Structures are given as structure tokens and as C-alpha cells.
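Colleague: Give me a model of this one.
(one chain, ligands or ions: 1)
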Amino acid sequence: MCYMNECRIGKWGNNLLLCIALCSLWACGGGGNSGTTANSNTSANVQASGSTLYQKHCQECHQPLATSTKRNKTAAEIQAAITTNMGGMGGLAKLSASEIQSIADALKTTTEIPTFDGNKSTAFQLNGAAVLNNNSIRLTPNEKNTAGSAFLTSPFTLSSNFVFNAYFNFTLGAGGRSDRHADGFVFTLQTVSNKEGGTGGNLGFGGISPSLGVEFDTFKNYGNNDPDGDHVALVMNGSVAHTPASPPVATDLHFSDGGTYYVWIDYDGTTMEVRLNSGNDRSTATLLLSRAIELKSIFPTQDVYFGFTGATGNDTQTHDIGAFYLTSNYRSGGFSPTP
Ligand code: HEC
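Modeller: From the prediction side, this is the model:
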């Protein structure tokens, strides 16, 4: 298998372009899951997603999901409406309990996953090298040339202007040498499927399109115009290369030291803001970037898979994602969860 990470190491010398060409020939980072390294915790996703079921059975009477008059209704409330044939809903008695539950999940405007333990483990589809580990998702082990991803099992339906608040924390374990660690991870929004990523290079984000990501990159790849050291940037459509239009931010960032870091990503329909702190306090967090972006022009649907991709190369580290919170009920102050 080919990893884009190989392109940065001496082996390819000055033949970087050749390497990139070869990598794309070999379908490097083409997304999808080979399945060979999938973890046993990976949840099956055979049932149609809640948003698809809603579209089929509820939309004609209650508006499209994003503007549904039944947002945040519980499975019990939906079941009661069916049982009592409210508004002629009795015909939906054919829906199974788990189908009603996934419709109720799709109607939720907030997802809160304080830890990834036990009963929460099916919230994310794990791909490639990703596993559940000590209340975290471990995107990659501390091994060379691995990639993993985790996406919400069911897509999260945003409203028509795509506003959201997200919050998570991460811990990047030290690699073999304290000054050498790689490659980082990407907080990713995409509309393709919950099985994207987890193979190839480019932080496991390679080839996922359409997508928008916030990368937490820990290695200087010359071919991507990376600045020195740990850096953060908005990345798009499966490419982690930087352009003048979306430059990376790297001002004394040191998040690869084994400590836990907290991230707030807020989108008000116009501007995406990314904040980072070594403590769980948004009010003292550093505003790393604030960038105008139009999500509704990137994605063909409001059903978005939120998740994370990560990878290692010749240098390694573990990539652990802790708590995760997401809402489509945008508030300007963002999330302030107490752990
Ligand atoms: C044929 C039209 C129709 C379809 C299809 C339909 N409903 Fe309803 N539903 C109604 C009407 C009419 C009411 C009563 C008025 C109201 O509450 O909107 C109702 C009431 C409800 C209620 C109880 C009232 C409340 O707000 O708590 C819930 C919950 C509900 N529907 C959810 C759903 C869900 C979820 C689906 C899809 C699985 C669905 N409905 C499909 C017409 C429909």
C-alpha cells in the first residue's frame, strides 16, 4: 500500500512530484475501508439512517428534517403518536422499535458523548486502525504508517444555514523520539459515508470529498507547504496541502506533548472559529483562526458525517479523541461542558 507520508522522507529525494503522481496512481488515500484492520467494536450499519427513514415516513406531514416541527421528540412520543393514530399516523405501525429510535436520534439537535465507553461505543463507526481505548477513540496506535477514522454512525442533520457548535478534547501520545512525532489528525465534516478515511495518507483525510476539516498537524511535510511544528488549518475536499487562500496557523503551538487539549469549533453560518486551550475553559482559550466560509456551497445535503481522521508515517504517535459535543442549535458562547 502507498502512503503519502512516504513522499516527505528522504527516500523520494527531490522527486516529490513524481511521488505524488505515483501515489495518486496507486489510489493513495482514496478513502474507504479495506476492512482488514477494522476493530471488532466497529458497529454494523445495515439499517437505513434515521434521516433517510424520516424523509421516507415523516417529511410529507412534518417538514424536512432540518426544519421539522418534531425536532427533539423522543422515540416514546413518536411511538405514542403512532399507537393512538394521531393525524393518521397509525399506518406507521410497521416501523420497528430500532427504526423509531434512529428517527428520534436524527431529530435530536444535540449529540453529547462525554466518553466513548461501553454503551456509547456505537455512536461512532470506527474505520482502519481506530479502536476504542480507555474512554477515548484511539485513531492510530503508536506504530508506523497507520491510519484510522471515526465518523458518527448516522449523519447529523444541520439546518439550512449549516450552523453548529462542536467541542472535543484530544491527547497525542509521544512518539518514539520526543522531538519527532507524526502525523496529526483532522476534525472532519463530510457527506459521503461513515466509512470514509482510515486508509492511505494525508492524515487519513486524503480523498474524502466533499469535505471540510480542521487539521491538527504535527509534522512538517514540505510538499504540503507546512510551516514548522504543530499547526492548525482549515483543509478541504481531502487535501491537507496549504494554499495562500487558507494558510495554516502555527504560532508557538505545542499540542504533541502528551497533554490533553480542548477545542471549540463554532460556525454561525458565515465564519468558522477554532479555539484551543490546555484547560477546559473556552473563555481563556486562544482563538486560533476565524475564517469566512460557506458550508452550504460545499455540501450537497444537510446530513453531515462529523468525525475524525488520523495517521502516522515514518514517525509515530497515538491520537486519542476524548469527549465530543455537537449541536445544531447554535449559540455564540459555544459549549461549556463540565467533564
Ligand atoms: C400523514 C401525515 C403524518 C405522517 C406521515 C406523520 N405524522 Fe406525525 N402527526 C401528524 C399529525 C396531523 C399530528 C398531530 C398534529 C401535530 O402534532 O403536528 C402528528 C403528531 C405527531 C406527534 C405527536 C405530537 C407531538 O408533537 O408530540 C409526533 C411525535 C409525531 N407526529 C412524529 C412523527 C414522526 C417521527 C413521523 C414519521 C415516523 C410522523 N410523525 C409521521 C401527521 C403525520
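
Colleague: residues from the stretch 1-150 of the chain in reach of the ligand?
Modeller: With C-beta under 6 Å from any ligand atom as the criterion, the stretch 1-150 of the chain comes near the ligand at residues 57-58, 60-62, 69-70, 73, 77-78, 81, 86-89, 92, 103. All C-beta spots, glycine's among them, are computed from the backbone N, C-alpha and C.

Colleague: hmm, try it at 5 Å
Modeller: 57-58, 61, 70, 73, 77-78, 81, 86-89 (C-beta under 5 Å from any ligand atom).

Colleague: Tell me, how many residues neighbour residue 56?
Modeller: Applying other C-beta atoms under 10 Å, we find 12 other residues in the vicinity of residue 56.

Colleague: Kindly report the same for residue 158.
Modeller: With other C-beta under 10 Å as criterion, residue 158 counts 27.

Colleague: swap in residue 285?
Modeller: By the criterion of other C-beta under 10 Å, residue 285 has 19 neighbours.

Colleague: re earlier: kindly present the residues of the stretch 1-150 of the chain next to the ligand as TSV, with separate columns for pLDDT, neighbour count and distance to residue 165.
Modeller: Shown next, in TSV, are those (pLDDT from 0 to 100; neighbours: other C-beta atoms under 10 Å; distance: C-beta to C-beta, whole Å):
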residue	pLDDT	neighbour count	distance to residue 165
57	97	19	29
58	98	23	26
61	97	11	30
70	97	17	22
73	96	18	22
77	98	14	25
78	98	21	26
81	98	16	30
86	97	11	33
87	96	9	33
88	96	8	37
89	97	19	33
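
Colleague: would CSV of those residues with secondary structure be doable?
Modeller: CSV is the format used below for these (DSSP: H, G, I helix; E, B strand; the rest coil):
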residue, secondary structure
57, helix
58, coil
61, helix
70, coil
73, coil
77, helix
78, helix
81, helix
86, helix
87, helix
88, helix
89, helix
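
Colleague: Poorly predicted segments of the stretch 101-250 of the chain, please.
Modeller: 118-121, 175-179, 200-201 (pLDDT under 70).

Colleague: In it, which residue sits nearest the ligand?
Modeller: residue 103 (5.1 Å; C-beta to the nearest ligand atom).

Colleague: Give the buried residues for the host helix or strand of that residue.
Modeller: Assessed by DSSP states H and E, residue 103 sits inside helix 97-107. Along helix 97-107, these residues count as buried under the neighbour rule (16 or more other C-beta atoms under 10 Å): 99-107.

Colleague: roughly how far apart are whichever residue of the stretch 201-339 of the chain sits closest to the ligand and residue 266?
Modeller: For the stretch 201-339 of the chain, the residue closest to the ligand is residue 303, as judged by C-beta to the nearest ligand atom, at 16.1 Å. Here the criterion is C-beta to C-beta, to the nearest Å. By it, residue 303 lies 20 Å from residue 266.

Colleague: Please apply the same query to residue 279.
Modeller: 18 Å.

Colleague: more crowded one of the two?
Modeller: More neighbours surround residue 266 than the other of residue 279 and residue 266, with 22 against 11 (other C-beta under 10 Å).
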